[in-house]
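Chemist: Provide a 3D model corresponding to the input given below.
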Amino acid sequence: MNWGTKIILSMIAFMLFIVSMVVYMFKVNDDDALVEKDYYEKGINYDQEYDAQKNTLDDNFVPKIEITSTQIIIQLKEAASNYKLKILRPSAAREDINQEGTPVGDHNIILIDKTKMSPGLWLLSLEWKSNDKPYLYKKDITL
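Modeler: You can find the predicted model right below:
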């Protein structure tokens, strides 16, 4: 085998490597935790999200968050009809927690089991309605 054949074979091997890496990256890109699935819809609805966050600050309805060894306790200041809670793990989307419901008891408490959550940074997002007024609270928590 002469040097011309070796150059051609190495170029073909390199091109196959590049093509396989491109195919692999497109396949893996579907599981990217940094890209939202409904990115454009969230952009359109950003004004509603901003108003809900502003309502939380203006009405001083910032929830009290307490982290114990086994659970996360969130206490709302006013009675809420329902809530949507998202606790997102930036490094692993499969560990995200989505919970909906109504707060428990007269103290409007939301309980989250912390025993199955790995330590590190989590992004907490809580939406609720009180007196037909939307509220939104976002906070980074570290377990």
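Chemist: all contacts plus neighbour counts: C-alpha atoms, from now on.
Modeler: Will do.
Chemist: mind listing what's buried in the helix or strand harbouring Lys27?
Modeler: Using DSSP states H and E, Lys27 maps to helix 3-28. For helix 3-28, the neighbour count (16 or more other CA atoms under 10 Å) marks no residue as buried.
Chemist: Following element in sequence after that helix, please.
Modeler: That would be, after helix 3-28 and using DSSP H and E, helix 39-44.
Chemist: Enumerate the positions of the next helix-or-strand element following that next one that are buried.
Modeler: Downstream of helix 39-44, the next assigned helix or strand under DSSP H and E is helix 46-58. Along helix 46-58, these residues count as buried under the neighbour rule (16+ other CA under 10 Å): 49, 52-56.
Chemist: for stretch 77-89, same thing?
Modeler: 79-80, 83, 85-89.
Chemist: Return the alpha-carbon coordinates of it using PDB.
Modeler: What follows is stretch 77-89, C-alpha atoms only, in PDB (Å, rounded to 0.1, in the frame of the first residue of the first chain):
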ATOM      1  CA  LYS A  77     -49.200  33.800  53.700                       C
ATOM      2  CA  GLU A  78     -52.700  33.700  52.400                       C
ATOM      3  CA  ALA A  79     -55.100  30.900  51.500                       C
ATOM      4  CA  ALA A  80     -54.600  29.600  47.900                       C
ATOM      5  CA  SER A  81     -57.100  27.800  45.800                       C
ATOM      6  CA  ASN A  82     -54.400  25.700  44.000                       C
ATOM      7  CA  TYR A  83     -50.700  25.800  43.200                       C
ATOM      8  CA  LYS A  84     -48.200  24.500  40.700                       C
ATOM      9  CA  LEU A  85     -44.800  23.800  42.000                       C
ATOM     10  CA  LYS A  86     -41.800  23.000  39.800                       C
ATOM     11  CA  ILE A  87     -38.400  22.200  41.400                       C
ATOM     12  CA  LEU A  88     -35.900  21.900  38.600                       C
ATOM     13  CA  ARG A  89     -32.400  20.300  38.700                       C
END
